[in-house]
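Participant: Here's a sequence, model it:
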Amino acid sequence: MVKEGNKAPDFSGKNQDGKLVKLSSFKSKKNIILYFYPKDMTPGCTTEACDFRDYYKKFKNTIILGISADSTERHQKFIAKHDLPFELIADENKKICEKYGVWQEKKLYGKTFMGIVRSTFIIDKTGVIKKIFPKVKVKGHVEEVLEILKKI
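Facilitator: Numbering: from 1, shown residues only. Presented below is the predicted three-dimensional model:
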């Protein structure tokens, strides 16, 4: 189970361009915002991504990585459509989601299914998880993340 104060589980995954991105390669360089979201091009996920885009310049010394189970091609389209200035990682096999405990049973309209629970992890320069936001509500979330980063 991933907890605040623990080392962030390392992972590697392909970004929207098919380039392999490894979490540990950022260690000691910048803080990291790792945000998991259900699906590209959906209303809540688009709002969240655009909020991170709109506040992007305020995230100094911070890398933003979005992760979903969408393909690299779908990530490319999502980035192009919304002019996103950060990388999106394709986790089609859900291995990263499982490491971070965000691949969970969900319920919608009386149906139960497995999916990504919208969550954000703030990881400091040493690779330690400083804050976990489980079951994120999109409205106001980016401002919450910025407030936490000010304290790191």
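Participant: For the rest of this, base every contact and every neighbour count on C-alpha atoms.
Facilitator: OK.
Participant: Show me where the protein has its strands.
Facilitator: Assigned by DSSP state E, the strands in the chain fall at 12-15, 20-22, 31-36, 62-68, 87-90, 103-108, 111-116, 119-123, 129-133.
Participant: Give me the sheet partners of the fifth one and which way each runs.
Facilitator: By that I understand strand 87-90. strand 12-15 (antiparallel), strand 62-68 (parallel) (DSSP bridges).
Participant: so which of the ones you listed is the most packed in?
Facilitator: strand 62-68 (a mean of 21; mean count of other C-alpha atoms under 10 Å).
Participant: For the spatially most distant residue from the centre of the chain, give me the backbone phi and psi.
Facilitator: Using C-alpha atoms, centre = their mean, the residue of the chain lying farthest from its centre is residue 110. It sits 27.2 Å away. Main-chain dihedrals, residue 110, degrees, to the nearest 10: phi 80, psi 0.
Participant: And it, how far from residue 135?
Facilitator: Look at residue 110 and residue 135: by C-alpha to C-alpha, to the nearest Å, they are 19 Å apart.
Participant: Next: residue 51.
Facilitator: Taking C-alpha to C-alpha, one finds residue 51 at 17 Å from residue 135.
Participant: When the two are compared, which one has more neighbours?
Facilitator: residue 51 (18 against 13; other C-alpha atoms under 10 Å).
Participant: Can you tell me how far the more buried one is from residue 36?
Facilitator: 14 Å.
Participant: And residue 1, what's its pLDDT?
Facilitator: For residue 1, the model assigns a pLDDT of 81.
Participant: okay, which residue is most central for this structure?
Facilitator: residue 35 (1.7 Å).
Participant: wait, doesn't it sit right on residue 65?
Facilitator: Yes - using C-alpha atoms under 8 Å, residue 35 is in contact with residue 65, at 6.3 Å.
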